[in-house]
Each structure stands twice: as C-alpha cells, then as structure tokens.
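> Got a sequence here, can you model it:
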Amino acid sequence: MYRPKIKWFNNYKQANLFLGLGLVFCLLLIWQLNLKNTWNAHKKNKQLAQRVSYIQQKQVQLPKMKEQLQLLDEHSVKKYEDRAIMKVLSLFCEENNMLIKDFSAPESFNQKGIKYWTQNIEVQGTFKDITQLAYLLEHQEKLGSIASLDFYSEEDRYLKKTFLKASFVLRNIE
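Predicted coordinates for the structure are as follows:
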C-alpha cells in the first residue's frame, strides 16, 4: 500500500522554530501550575529564617544594651536643681577668687512635650578658672549641658583695669 508522506514543515528552520515555541509554551505552563507556588514559598521561608536569626541576635544583645542603658543613666545629667547649681557655683568661685556677676532666674519652655530649662550665668575670673567651672558644671557635677559660652573683656575705668568675664547658658531637660 502506498502512503504519501505528509510534510508538516517545509524546512528545518520552521521545525526548529515550532519546536522552540512549543518548549517555551510548556515551560510557561509548568511555571504557572507548579513552580510559581514553590518559588514563592521558598522566598517566604528565607525571609522568615532571616527574621528568626535577627530576633535571636537581638535577644543576645539585649542584656548588653540594658547594661549600657544603666551606665548611661548613671552618667546622665541630674534633674534640675537651682540650689545645687548655686551651691556648686558659689563654692567653686570662692575657692578660685572668682566673682558671680549674674545668676538670673531659670527660664523654662516646652517643646514637643518635653520641658527644657535654661539658666544664664555670668562670672568674672581667669580663663583657666572659667573653663574649669564650665567643665565642673557639665561633666563632673552633671547639672546640665553648656549651650553657650562667651568670653569677653571689660575695662573698669575707675580702677583702670581689664577683667575677663564669661557668660554661659546652662541647659537641661526636666
């Protein structure tokens, strides 16, 4: 019996083209049906594993952070006390032959729910003594932070003498 040959494609180029298109179609179908869900589950699993490792690291670091916080609390600025500032200031000035020229009333203001106060202080003395006083108030006694420190000289015309003065603003959070 004679069977005629059916030619599906005219040449090999067309056959390869249809074979490639069929392969791409099959891969897209497989991706949509099976692999897409598996890939998304793999991504989620990886993200969850990263979160777990991050939480475990933070739990290890938590006691260290608590210790550091306690150290910061110990070294932090003390609560505002007008008498404490005046006591430290007067004792230091008496020991170092300095004059307190101005010790005005503290000013307080609220900003974003936090109460701040500022204290303007003016003293007269030597440069070394004034810088020691600023260091004492801010770092040793921790009564506030020095927001501004201005040095200037003033001449007393009666005594014909020049004096070094400094005014500084002590700031704290209440």
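
> In this structure, what helix or strand scores lowest on average pLDDT?
Across the helices and strands of the chain, mean pLDDT, DSSP states H and E gives its lowest value to helix 36-75, namely a mean of 80.

> Name the spans of this protein whose pLDDT lies under the cut-off.
Under the criterion of pLDDT under 70, the regions of the chain flagged as low confidence span 1-10, 71-81.

> quick check: domain ranges of the chain?
The chain breaks down into these domains under automatic domain parsing: 10-76, 82-173.

> which of these is buried the deepest?
When neighbours are counted by mean count of other C-beta atoms under 10 Å, the highest per-stretch mean among these falls to domain 82-173, a mean of 14. (Each C-beta comes from the backbone N, C-alpha and C, glycine too.)

> Quick check: end-to-end length of that one?
Using C-alpha to C-alpha, to the nearest Å, one end of domain 82-173 lies 13 Å from the other.

> how far does it sit from the chain's center?
In terms of C-alpha atoms, centre = their mean, to the nearest Å, the gap separating the centre of domain 82-173 from the centre of its chain is 29 Å.

> I'd assumed residue 154 was in contact with residue 162.
Yes: taking C-beta atoms under 8 Å as the contact criterion, residue 162 and residue 154 are neighbours in contact, 7.2 Å apart.

> For this protein, just list every one of the helices.
12-30, 36-75, 82-95, 127-135 (DSSP state H).

> now the residue nearest to residue 103 when sequence neighbours are not counted: how far from residue 87?
Taking C-beta to C-beta, 6 or more residues apart in numbering as the measure, residue 103 lies nearest to residue 121, with 5.8 Å between them; neighbours along the chain are not counted. Relative to residue 87, residue 121 is positioned 13 Å away (C-beta to C-beta, to the nearest Å).

> Now distance to residue 102 too, for the helices of the chain, in TSV please.
Converted to TSV, these look like this (distance: least, C-beta to C-beta, whole Å):
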stretch	distance to residue 102
helix 12-30	83
helix 36-75	29
helix 82-95	11
helix 127-135	14
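
> nearest to residue 172, of the ones you listed?
Evaluated with C-beta to C-beta, the helices of the chain place helix 82-95 nearest to residue 172, the distance being 9.4 Å.

> what is the orientation angle of the closest one with helix 127-135?
Calculated by axes from the mean of the first three to the mean of the last three C-alpha atoms, to 10 degrees, helix 82-95 forms an angle of 160 degrees with helix 127-135.

> residues making contact with helix 82-95?
Around helix 82-95, the neighbours that count as contacts under C-beta atoms under 8 Å, 6 or more residues apart in numbering are 78, 98-100, 103, 106, 119, 121, 123, 125, 132-133, 136-137, 141, 143-144, 170.

> Kindly recompute the last result at 7 Å.
Under the contact criterion C-beta atoms under 7 Å, 6 or more residues apart in numbering, helix 82-95 has outside partners 99-100, 103, 106, 119, 121, 123, 133, 136-137, 141, 143, 170.
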